[in-house]
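1. From the sequence below, what's the structure:
(chains A and B)
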Number of protein chains: 2
Amino acid sequence: MTGAAPRAAAHLESARAGSGPDEKHGDRRSARLSALRSELTSAGLDALLVTHAPNVQYLTGFSGSSGLLLVAHDAAFLVTDFRYRTQAREQVSGVAEVQIGETSLWSRLWTTLPRLAAVRTVGFDSANVSHADYQRFAEAGAPWRWQSTSGLVESLRQRKDAGEVAHIRTAIAIAESALHATVPAIRAGMTEFEVAAILECALRQRGSEAHPFEAIVASGERSALPHARSSARRLRPGEFLVLDFGATSGGYCADITRTFVVGKATQSHHDTYDVVREANATACLGVVAGMRGCDADAIAREHIAGCGLGAEFGHSLGHGIGIEVHEKPLLARTADAPLPVDSVVTIEPGVYREGWGGVRIEDDVHLGLGRTEVLTVFPRELIEVG
Amino acid sequence: MTGAAPRAAAHLESARAGSGPDEKHGDRRSARLSALRSELTSAGLDALLVTHAPNVQYLTGFSGSSGLLLVAHDAAFLVTDFRYRTQAREQVSGVAEVQIGETSLWSRLWTTLPRLAAVRTVGFDSANVSHADYQRFAEAGAPWRWQSTSGLVESLRQRKDAGEVAHIRTAIAIAESALHATVPAIRAGMTEFEVAAILECALRQRGSEAHPFEAIVASGERSALPHARSSARRLRPGEFLVLDFGATSGGYCADITRTFVVGKATQSHHDTYDVVREANATACLGVVAGMRGCDADAIAREHIAGCGLGAEFGHSLGHGIGIEVHEKPLLARTADAPLPVDSVVTIEPGVYREGWGGVRIEDDVHLGLGRTEVLTVFPRELIEVG
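-> Take a look at the predicted model:
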């Protein structure tokens, strides 16, 4: 493939490619830019340099992986490269002017910036500018002051509108249908890679635009690795099998995990599984908008700890999903921020018994005003496969 | 899925997960660490902080997406999180000590660093440390000096050993076999998404461990977008169809592009196609190790310009492939560096006629000492499909 940044925004590219921006989409982008401009005013900024591709996509509709977006109060510029010249003009028409960087996006940005006469203080997202790129700011010259910011656009992206939730629902439907098709095909003796292949084929056949991450198929003692990927390991009877995977529709992600037993489940399988299932159910009932992320996390964590397995649940309870498969807000011990109304988050408790096996059950939930809706419906009973 | 960084190193995870490090692999890692330590000496560094996951993988074998590796002259530490505790210990045994960051990798790094008594000047890779993380260096305290570096490990990764080339050959064989299986299934009226689904299924069925990037299926006027992804557009007779995709084997990537015509090719199709095919053939013959990247790029560019289509070839000629699908060296107008012996690079000239269609033909070549071998063998004649 040509050029740079192969993966970063790979799943975004398909979202709107080939279709011009419709009226409704244009309205949404304008509303998002207005909301951002209010934030700029509050922060004392004349403009924001947006460098993270999912943020650029959210604000302008541009789905390429290479772009620098400058949002001022009365103008917006998207600097991209040759590869995206046609696509960018189609996608961002009406909300931003496209500039093509012939040799470097940055040098083009430096020639564009002086056109914004009122701009002096420019914010940048500290987490999404490399140290190397930060050094470039000095090249811009004297008049500009560069101010570090943190997550301005990410914060806006937390609250999903009805159209965004609809895309996530479609992605979930694709993911669950693919899982229903995959489960009966699983056999002891298959490799994890083979199971991943069946699952990813089923996802694509049902219209998933991309894989937001490689499907995780982890069996036996590898199911106790919370972040295992698939491997050449063969499934054996009497083992846990974790499938953690996503789907993409309209540029938005689903993220779901189910754990199975290959062959016949033992009492130990049921005992461990039930702890996680109860933690998942308790959290799905208890997590509501307005609650702090740490308090949401505690619901599941306290249940697991009460069963004597607290040390075996080492990761956080969940995270937002949307254009990215990992977004704000976080449901974690360290997350003090309240969960916004209309965020869509995962609830994914797990128990990992090193050397033996692990269980994770992950659902996607919409935190409405006073009402939490569990969007995923795939059965949560322990299913024996193979 | 749990935790952070879903995509960055997604295709790495499968590489060696579940298999302990073998003797040979251990030797390779030790040799790589030795080579890096020589670079540190030349650069006046006591240690290097390695933050980019593919670099961590190359040096230690660790395939997780979350890790900070500190390489000093007489020790190496890998700081990772709970999710990877088992995997990390298995994968890096013999070359690095594993530390688990309970709340943050960085805070764990700051408690580990003082154990390296001789370390004062620590290098970091400017392109792979965010501005936000750079601010953390101040937290480490007084004794340490932090020095910006650029691409120390990436430079080592350019020269592939025989084992690495063998993995790339296998990945190419998977990719080409999948393409042979896909071509007869393509029909006018299919969507690009449907073609991508067939291709990705075929890749997985042939053992590709992951997709190094989402398959690009671009038809009609979208084939003139050099960085299009797949879309819901339906293939129509009389159009170009670009397929640009990869495969992964042993953690190493292949990257190949072929362009077809749906239905019957016209003279215009042949005329445009032949320009690119000749540019590809000329470059595959002419590019050799030791040549500067810009001179390699010029071989294809001058051919295309000589045919009057210079303005329609806006991207660079190629890039290295390996653990990442985009690595050093670059074959580009701006690339002054010589192409190292034993690098593996793509050669992918293209011509893009806006609003009509585009052609790209991409091969993978190994630049041996005095001998360039084209590793990809899929036919380069214009094939009519559907």
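
2. Spell out which parts of the stretch 251-386 of chain A neighbour chain B.
-> Within the stretch 251-386 of chain A, the positions lying close to chain B (CB under 8 Å from any CB of the partner chain) are A:255, A:257, A:314-316, A:324-326, A:333-334, A:348, A:350, A:354-355, A:360, A:362. Backbone N, C-alpha and C define where each C-beta goes, glycine included.

3. quick one, helices of the stretch 251-386 of chain A?
-> Along the stretch 251-386 of chain A, counting by DSSP state H, counting those that start in this stretch, helices occupy A:267-286, A:293-306.

4. ok, so of the residues of the stretch 251-386 of chain A next to chain B, who is nearest chain B?
-> residue A:314 (3.2 Å; CB to the nearest CB).

5. pLDDT value on that closest one, please?
-> Per-residue confidence (pLDDT) for residue A:314: 83.

6. cool, residue A:130 as well?
-> For residue A:130, pLDDT reads 96.

7. okay, and for chain A, where does confidence drop off?
-> A:3-26 (pLDDT under 70).

8. Tell me how far the residue in it sticking out farthest from the centre lies from residue A:131.
-> Distance from the C-alpha centroid of chain A, by CA atoms, centre = their mean, peaks at residue A:142 (37.6 Å). Going from residue A:142 to residue A:131 by CB to CB, to the nearest Å gives 22 Å.

9. rewinding a little: so can I have a markdown table of the helices of the stretch 251-386 of chain A showing mean neighbour count and distance to residue B:182?
-> Compiled in a markdown table, the helices of the stretch 251-386 of chain A are given as follows (neighbours: other CB atoms under 10 Å in any protein chain shown; distance: least, CB to CB, whole Å):
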| stretch | mean neighbour count | distance to residue B:182 |
| --- | --- | --- |
| helix A:267-286 | 18 | 39 |
| helix A:293-306 | 20 | 44 |
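
10. could I get the ones you listed as TSV with distance to residue B:82?
-> TSV is the format used below for these (distance: least, CB to CB, whole Å):
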stretch	distance to residue B:82
helix A:267-286	16
helix A:293-306	13
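
11. closest one to residue A:384 among those?
-> helix A:267-286 (9.2 Å; CB to CB).

12. Who are the packing partners of the closest one?
-> Contacts defined by 3 or more CB pairs under 8 Å, 6 or more residues apart in numbering or on different chains; DSSP states H and E place helix A:267-286 against strand A:252-262, helix A:293-306, strand A:343-347, strand A:350-353, strand A:357-360, strand A:363-368, strand A:371-374.

13. Give me the angle between it and strand A:363-368.
-> 10 degrees (axes from the mean of the first three to the mean of the last three CA atoms, to 10 degrees).

14. With only the CA atoms kept, save helix A:267-286 in CSV.
-> The C-alpha trace of helix A:267-286 is given here as CSV (Å, rounded to 0.1, in the frame of the first residue of the first chain):
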residue,chain,number,x,y,z
GLN,A,267,-17.8,-27.7,37.7
SER,A,268,-14.6,-25.6,37.9
HIS,A,269,-15.5,-24.1,34.5
HIS,A,270,-19.0,-23.3,35.7
ASP,A,271,-17.8,-21.9,39.0
THR,A,272,-15.4,-19.5,37.4
TYR,A,273,-17.8,-18.6,34.6
ASP,A,274,-20.6,-17.8,37.0
VAL,A,275,-18.5,-15.3,38.9
VAL,A,276,-17.9,-13.3,35.7
ARG,A,277,-21.4,-13.7,34.5
GLU,A,278,-22.8,-12.4,37.7
ALA,A,279,-20.3,-9.5,37.7
ASN,A,280,-21.3,-8.7,34.2
ALA,A,281,-25.1,-8.8,35.0
THR,A,282,-24.7,-6.8,38.2
ALA,A,283,-22.7,-4.1,36.3
CYS,A,284,-25.1,-4.0,33.3
LEU,A,285,-27.9,-3.3,35.8
GLY,A,286,-26.0,-0.9,38.0
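
15. what's it in contact with?
-> If you take CB atoms under 8 Å, 6 or more residues apart in numbering or on different chains as the criterion, helix A:267-286 is touched by A:240, A:259, A:261, A:265, A:296, A:299-301, A:303-304, A:307, A:309, A:313, A:317, A:347-351, A:353, A:357, A:359-363, A:365, A:372, A:374, A:380, A:382.

16. now for the helices and strands packed on helix A:267-286, which one comes closest to residue B:111?
-> helix A:293-306 (23.5 Å).

17. what does the closest one rub up against?
-> In contact with helix A:293-306 (CB under 8 Å, 6+ apart) are residues A:275-276, A:278-280, A:282-283, A:286-287, A:310, A:312-313, A:316-318, A:329-339, A:347, A:349, A:351.

18. Is stretch A:108-125 in proximity to chain B?
-> Yes: contact of stretch A:108-125 with chain B is found when judged by CB under 8 Å from any CB, involving residue A:124.

19. can you pull the contacts of residue A:187?
-> A:235, A:386.

20. make it 6 Å
-> residue A:386 (CB atoms under 6 Å, 6 or more residues apart in numbering or on different chains).

21. What of the one 5 residues further on?
-> Each residue near residue A:192 by CB under 6 Å, 6+ apart is listed here: A:217, A:219, A:230, A:231, A:233.

22. mind checking the backbone torsions on it?
-> Main-chain dihedrals, residue A:192, degrees, to the nearest 10: phi -60, psi -40.

23. residue ranges for the strands of the stretch 51-200 of chain A, please.
-> Remark: strands assigned in the stretch 51-200 of chain A by DSSP state E, counting those that start in this stretch are A:68-72, A:76-80, A:97-100, A:121-125, A:145-149.

24. For the shortest one, name the packing helices and strands.
-> Applying 3 or more CB pairs under 6 Å, 6 or more residues apart in numbering or on different chains; DSSP states H and E, one finds that strand A:97-100 contacts strand A:76-80, helix A:85-92.

25. quick one: strands adjacent to it?
-> Sheet pairing of strand A:97-100 (DSSP bridges) gives strand A:76-80 (parallel).
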